[in-house]
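Student: Quick check, what structure comes out for this input:
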Amino acid sequence: MCGRFTLSATPEDVRALLEYIEQPNFPSRYNIAPTQPVATVRQEHGGRHFALVRWGLVPPWVKDPASFSLLINARSETAVEKPSFRGAMRHHRCLVPASGFYEWRQTPDGKQPYFISPADGGVMVMAGIWDTWSDPSGGDIDTGAVLTTEANQMVGRIHHRMPVILMQEDFDAWLDTGNVMARHARALLRPAPEGYLKSVPVSRRVNSVANDEASLLEQADTDQELEPAQKTGRAKRTKSSGKKASDDQMDLF
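Tutor: Just a heads-up that it's a prediction; the model follows:
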């Protein structure tokens, strides 16, 4: 699964890779969490466009988002068929740039967070979906989720699931909802190649969304050796509290 990630690359580096039309300026983020705005790229009107969405998909048919569980992840194996995701898989696929993501491994001393990022230090791009929810008064909000898949061997030592990471040659096909049907796009949703990612244990300070600084990525001391992680049940949905988030939590920029 993917429940926290970072985007510390410069706006110029992100735009150079994803080639969207806009030129947004944004600061480094080191602990992006559910309900916060996340950067996405979508294909519209003949070009790629940068857009912010709230992390936690709310399908258009939901009557009350406050009582609906946040869908931060969508299982790639079943997203085409699931009512919550199939519309977005057909019509609203997007790219989610990141510098890395966090995953937690169960240890005798509790859950140890790891930061997992491209081995070359570059920008990685997760497969995402988005949709628009409209309230009765006419207001709209775009929300999104990250696709997940079975972990590759490296990530599997920490957790049995991982976000789908798209290679650059697959960006066009994933975004092309007009010509690439959802069932064909699903073939792009596979574990990252071995050797593409690296992992380091980091401070449990990342557990608090209030912490969002570069020091979260500093390697932590741990004697735990990485063996294949045990599978657990399905990833939990995040329950929406219905409370208004703080200004800091909702401000990507």
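Student: drop to CA atoms for contacts and neighbour counts, all remaining ones
Tutor: Will do.
Student: Quick check: residue 202 touching residue 219?
Tutor: Yes. Under the criterion of Cα atoms under 8 Å, residue 202 makes contact with residue 219 at 4.8 Å.
Student: More neighbours: which of those two?
Tutor: residue 202 (21 against 14; other Cα atoms under 10 Å).
Student: separation between the more buried one and residue 95?
Tutor: Per Cα to Cα, to the nearest Å, residue 202 is found 26 Å from residue 95.
Student: Low-confidence regions, the stretch 51-200 of the chain specifically.
Tutor: Residues of the stretch 51-200 of the chain meeting the criterion pLDDT under 70: none.
Student: Break down it into its strands, ranges please.
Tutor: 69-70, 73-75, 93-98, 100-107, 110-118, 124-134, 140-150, 161-163, 197-201 (DSSP state E, counting those that start in this stretch).
Student: deepest of the ones you listed, which one?
Tutor: Mean neighbours per residue, mean count of other Cα atoms under 10 Å, is largest over those for strand 93-98, with a mean of 27.
Student: Quick check: buried residues in stretch 199-213?
Tutor: Of the residues in stretch 199-213, those buried under the neighbour-count criterion (16 or more other Cα atoms under 10 Å) are 199, 200, 201, 202, 203, 206, 207, 212.
Student: Columns distance to residue 72 on top of the residues you listed, output as CSV?
Tutor: CSV is the format used below for these (distance: Cα to Cα, whole Å):
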residue, distance to residue 72
199, 22
200, 24
201, 23
202, 23
203, 23
206, 18
207, 17
212, 19
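Student: hang on, the earlier thing: distance to residue 60 for the strands of the stretch 51-200 of the chain - can I get that in a markdown table?
Tutor: Rendered in a markdown table, the data for the strands of the stretch 51-200 of the chain read as follows (distance: least, Cα to Cα, whole Å):
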| stretch | distance to residue 60 |
| --- | --- |
| strand 69-70 | 13 |
| strand 73-75 | 16 |
| strand 93-98 | 15 |
| strand 100-107 | 28 |
| strand 110-118 | 33 |
| strand 124-134 | 5 |
| strand 140-150 | 10 |
| strand 161-163 | 24 |
| strand 197-201 | 35 |
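Student: Tell me which residues of stretch 25-39 come out buried.
Tutor: 28, 29, 30, 31, 32, 33, 34, 35, 36, 37, 38, 39.
Student: was I right about the fifth one contacting residue 6?
Tutor: Yes. The pair formed by residue 32 and residue 6 meets the contact definition of Cα under 8 Å, at 5.9 Å.
Student: ok, residue 136 to residue 63 distance?
Tutor: Per Cα to Cα, residue 136 is found 9 Å from residue 63.
Student: Ignore what I typed, I meant residue 83.
Tutor: Summarising the geometry, the distance separating residue 83 from residue 63, computed by Cα to Cα, is 15 Å.
Student: neighbour-wise, which of these two wins?
Tutor: residue 63 (14 against 11).
Student: And that one, how close does it get to residue 90?
Tutor: For residue 63, the distance to residue 90 (Cα to Cα) stands at 22 Å.
Student: Residue 54 now?
Tutor: 20 Å.
Student: Who has more neighbours out of these two?
Tutor: When neighbours are counted by other Cα under 10 Å, residue 54 comes out ahead of the other of residue 54 and residue 90, with 21 against 18.
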